[in-house]
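Participant: need a structure here:
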Amino acid sequence: MSTNDLFEPGMLTICMDASAGSSGKGKIGSYVAEKADNWQFCCNAFSAQAGHWVVLDSDRKYFYQTFNSCAYLGDKYEKMYVGPGSAIELEALFREIEESNIPLSKIGIHPLATIIQEKDAAFERGEVDFDGNAIPKHDGTMKTGSTCHGVGACRARRVLRRPDLLLAKNVPELKEFICDSTEEIIARLESGQAGLLEIAQGFQLSLMLPNMYPYCTSRNVTVAAGFDDMMLPVAYAGNVVMNCRTYPIRINSNKYRDRDTGAHLVWDQIEEYKNKGKLEVYKGNSGPGYDDQVEMTWDELTEISGSPEPIIEMTSVTKLPRRVFTFSQKNLEQAIRYNRTTGRTFLSINFANYVDYEMTGKQGVATGDASDTSLVSLKFIRWLNENVRPTADKANAIVKYIGTGPLTDDMVVLGE
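Facilitator: Okay, here's the model as predicted:
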């Protein structure tokens, strides 16, 4: 089904996450871009601690930390921009270019986009001081559930006007991509083009959200903040596609380190280091949910869904098991209100198969009512009516997309 209705000439359509990230934003971002033919460019100001998976089939899987989730559609867009508020990891950037075969002439990077350095990540891991000098291990940013990827430290270097801040314009390998992305995007919009702006992470992680601070990321995750990070006027803010999970997540509270070196371990390494007596567990806190949520176990979720196989998720970057919660109407209501534009808000509800395993892999267009059970099960309809529709109807948001599996095309579109 065409998604042309999401795009308008002279406006940016915004794709974002309503909760704490990992909602399948790569999936909805790629779906929206693939199914429309009335947009010409895309942009973002991602930071490398956030990763977005796009899975087209068993042979085509892409992981983006730098570029939009539609980066693989190189024949479709005229240009793809990385804005000044981004924090780039060079290794990830060049990996994405190669894996997605992105035409180099279609990449535009703002000269003031920042580059994450190893000392940024090492400081957050507690291995060095802010200047990069080795010191006794310290907490870094671990105690509040940070991914310790170096993004906050890199951002702090910019705020402090540190001379050791590395900017895109000072990296020779990026010279051919440097452009004034702000001016180019405004010119495109003023000429009547339409674009897609993706916002990384999730609204619930916003730096200035009082009920979540300090268990948050290093900036706000809102439409307004996204435009600020792109250095664009909000007058160009169009329709919003807000992605949700049926069962929202947060990252693991703890970090696991090599007792000798302090190096962070992924889940598959933990048993090995434990057996060697070299495992150090750093107990942190990745933050609360809303007061209408309950934290669950993955075993409980597996039973609820009816899945014949255990369900468990690992974080894309830190490779540790996520925490999982029941749905929050308060979170959704707040996310819609704080990200309202003059356009419409469309809701994408991902992981429908976590409510009912029988929904796995369903694709097509459905009416969304109880009479159409070929694509939307009665169990899911009941869940949707109890958890999402009361808030959506009150906020005048349109429940539009239902994600049923990992593939971009694992999507049921509800008719209005």
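
Participant: can you give me the strands in the stretch 251-400 of the chain?
Facilitator: All strands of the stretch 251-400 of the chain, identified by DSSP state E, counting those that start in this stretch, fall at 255-258, 279-282, 295-296, 323-325, 345-350, 364-366, 398-403.

Participant: now swap in the stretch 1-150 of the chain and tell me
Facilitator: Under DSSP E, counting those that start in this stretch, the stretch 1-150 of the chain gives strands at 12-17, 41-44, 52-57, 60-64, 79-82, 87-88, 107-109, 114-115.

Participant: now residue 200, nearest residue through space, not along the chain?
Facilitator: Counting by C-beta to C-beta, 6 or more residues apart in numbering, residue 200 lies nearest to residue 50, which is 4.0 Å off, once chain neighbours are set aside. From N, CA and C alone the C-beta is placed, and that goes for glycine too.

Participant: Tell me who's in contact with the one you found.
Facilitator: 21, 65, 200-201, 317 (C-beta atoms under 8 Å, 6 or more residues apart in numbering).

Participant: what's the farthest-apart pair in the residues you listed?
Facilitator: Maximum pairwise distance in the contacts of residue 50, criterion C-beta to C-beta, is 12.8 Å, between 21 and 65.

Participant: which of the two has more neighbours?
Facilitator: For residue 21 and residue 65, the more surrounded residue by other C-beta atoms under 10 Å is residue 21, and the numbers stand at 27 against 23.

Participant: So that one is in contact with residue 199, correct?
Facilitator: No - counting by C-beta atoms under 8 Å, residue 21 does not reach residue 199; the two are 10.5 Å apart.

Participant: For stretch 3-23, list every residue counted as buried.
Facilitator: 3, 6-8, 11-23 (16 or more other C-beta atoms under 10 Å).

Participant: and the host helix or strand of residue 152, what does it pack onto?
Facilitator: Assigned by DSSP states H and E, residue 152 belongs to helix 151-159. Helices and strands touching helix 151-159, by 3 or more C-beta pairs under 8 Å, 6 or more residues apart in numbering; DSSP states H and E, are strand 87-88, strand 114-115, helix 118-125.

Participant: To residue 363, which of those lies closest?
Facilitator: Among those, the nearest to residue 363 by C-beta to C-beta is strand 87-88 (34.8 Å).

Participant: From the contact counts, what lies against that closest one?
Facilitator: Counting contacts by 3+ C-beta pairs under 8 Å, 6+ apart, strand 87-88 is packed against strand 114-115, helix 151-159.

Participant: avg pLDDT for it?
Facilitator: The average of the pLDDT scores along strand 87-88 is 95.

Participant: any chance you could map the helices in the stretch 151-300 of the chain?
Facilitator: Here the stretch 151-300 of the chain has its helices, by DSSP state H, counting those that start in this stretch, at 151-159, 181-190, 223-230, 267-275, 298-305.
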